[in-house]
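In: Sequence below, structure please.
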Amino acid sequence: MTTFQSVAVGRGESWKYQPVNPNSFDGTDTERIIQAIEIAKTSSQVVRIPKENTNGTNIWMIDSALLLPGNITLILDNCTLQLSDKSRDNLFRSDNVGAGITHPRWNENIRIYGVGNAVLRGATNPRATGDGARKLSLNPQREQEKGNWRVSYGSDAGKPGLKQTGDWRNIMVLIGYVRGFSLKNVRFENAHGWTISFERTVGIDVSDVTIFNQEFVTVGGQQLMTANKDGINLRQGCKNVRIDNISGITGDDFIALSNLDTAPDIPKKHGEIDRSMVSASRWYGPEDDIEQVVITNISCENRYRAVAIRASDRAGIHHVFLNGVIFRAREDRYEALLIGGRGYGKESLPGKIHSIQAMNIMGNGQSLLRIQAKIANCHFMNGMYTGPNEHATLYEIDLAETSNVTENAWLKVR
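Out: Prediction:
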């Protein structure tokens, strides 16, 4: 095992062989970590963030996104990084994507490794939450009682001159156009939207992660609804993915594979601040298919799904392998696995979602599996459904419109 040690040296000294420690710099927590990353880019390529902050606290407060270059390793050594109440940004983002970056270049080899108890946490009083379709509200429950469902809490609500909807900056870790990304042994708490989202990323390895991202945030003793609290999202163009040993509670889907274009007639480009994705939410061809995905050892709880697989129109999702999912549905809602998705643009064309195999799945809710698309070559085995309904699978499409779909020992159990 490699042991990472950091030596605080003067700015004129060489960092060539040592992980860079942000405690060796001046400024805010954000500024010191950014300086450490800049030094590491041209030296050891390793930044170690320790538990002890020289400002006398054990928390590193982050005011704006920590931008990650290629060929960088972050060691989170028993530390806690928390978005400050000033922040309206990601906690981590690959530095090649962002507002106004219309032609992102590819990055390579970004690694975030937790040692011991490494925690990434949202703000105590977030300025904005939810995706690009959510209007900010100081009292979202009251708005929903009026029939205004597309809302989410944010302290910026009603403030003149400030953006009044969510967007991709509410994602805690946002990675786009990267070849080779690894994240291990980290606990996430109360993201402002999706916990981790990948766009057009190839070679993803996420393991040993705990996600605590519930639907409500407590501010001043009051519980306030925050929308779109997914766990891990794979968007257009994600390929060669390994997701293993992930557990926790989310306010929305725990893992979502989404290849969607909800408004195909509206022009879209990379870097638009009003969107839920930092790159264009459009399928440009097979290079934007989601494929070669392995998901194993998942234990989760929410009111939605453990794994949701959604595609629209010609966009493809295929060669997905799931093994070992335990899903606890709150309020007996929804299902462990969803394949299809409706209300996200044009219906998925026949066979565009294909070659999915799921085995050793346990869950309650309305079904173990819900199928809403004309899928092909999909196989389900060793499933135990413990919910209130009669069948483990709920077909919301004519079975004759699917092709080569099988179930083996996929059962309702008492």
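
In: Name whatever forms a beta bridge with residue 257.
Out: When assigned by DSSP bridges, residue 257 has beta-bridge partners residue 234, residue 309.

In: Cross-check the contact I'm expecting between it and residue 291.
Out: No: at 9.8 Å, residue 257 does not count as touching residue 291 under the criterion of C-beta atoms under 8 Å. In short, each C-beta sits where N, CA and C put it, glycine included.

In: higher neighbour count, the two?
Out: Under the criterion of other C-beta atoms under 10 Å, the comparison of residue 257 against residue 291 puts residue 257 first, with 26 against 19.

In: which ones are touching that one?
Out: Contact partners of residue 257, counting by C-beta atoms under 8 Å, 6 or more residues apart in numbering, are 234, 238, 290, 293, 307-310, 317, 320.

In: any idea how far the nearest residue to residue 235 once chain neighbours are set aside lies from residue 225?
Out: Nearest residue to residue 235 in three dimensions, chain neighbours excluded: residue 199, at 4.5 Å (C-beta to C-beta, 6 or more residues apart in numbering). In this view, residue 199 and residue 225 are 26 Å apart by C-beta to C-beta, to the nearest Å.

In: Check the spacing between residue 31 and residue 338 real quick.
Out: 43 Å.

In: So which of those two has more stuff around it?
Out: Between residue 31 and residue 338, residue 338 has the larger neighbour count (other C-beta under 10 Å), namely 24 against 14.

In: That one bridge partners, please.
Out: Under the criterion used here (DSSP bridges), residue 338 is bridged to residue 308, residue 370.

In: ok, now how distant is it from residue 324?
Out: Residue 338 is 18 Å from residue 324, by C-beta to C-beta.

In: Tell me who's in contact with the residue nearest to residue 235.
Out: Neighbouring residues of residue 199 by C-beta under 8 Å, 6+ apart: 97, 174-177, 235-238, 277-279.

In: For residue 2, report the pLDDT, please.
Out: What the model reports for residue 2 is a pLDDT of 36.

In: what's the average pLDDT for the strand or helix carrying residue 183?
Out: Taking DSSP states H and E as the definition, residue 183 sits inside strand 178-189. For strand 178-189, mean pLDDT is 98.

In: Now do that strand: distance to the chain's middle.
Out: What separates the centre of strand 178-189 from the centre of its chain is 10 Å, taken as C-alpha atoms, centre = their mean, to the nearest Å.

In: now do stretch 226-245
Out: Its chain's C-alpha centre and that of stretch 226-245 lie 5 Å apart, by C-alpha atoms, centre = their mean.

In: Between the contacts of residue 199, which sits nearest residue 127?
Out: residue 174 (16.7 Å; C-beta to C-beta).

In: Give me the distance between the closest one and residue 97.
Out: Going from residue 174 to residue 97 by C-beta to C-beta gives 7 Å.

In: Give me the common contacts of those two.
Out: With C-beta under 8 Å, 6+ apart as the test, residue 174 and residue 97 both reach 199, 278.

In: Show me which of these two is the more surrounded one.
Out: Higher neighbour count among residue 174 and residue 97: residue 174, with 28 against 25, using other C-beta under 10 Å.

In: overlap in contacts of residue 257 and residue 291?
Out: Among the neighbours of residue 257, those also in contact with residue 291 (C-beta under 8 Å, 6+ apart) are 317, 320.

In: what ranges of the chain fall below the confidence cut-off?
Out: Within the chain, the ranges that satisfy pLDDT under 70 run 1-15.

In: tell me the centre residue of this structure?
Out: Centroid-nearest residue in the chain: residue 196, 2.4 Å away (criterion: C-alpha atoms, centre = their mean).

In: Check the gap between it and residue 186 for me.
Out: Distance, residue 196 to residue 186, by C-beta to C-beta: 9 Å.

In: Ok, residue 331 next?
Out: Look at residue 331 and residue 186: by C-beta to C-beta, they are 29 Å apart.

In: Those two: which is more packed in?
Out: Comparing residue 331 with residue 186 by other C-beta under 10 Å, the one with more neighbours is residue 186, at 23 against 7.

In: Provide a complete list of residue ranges assigned to helices in the chain.
Out: Using DSSP state H, the helices of the chain run over residues 29-41, 140-145.
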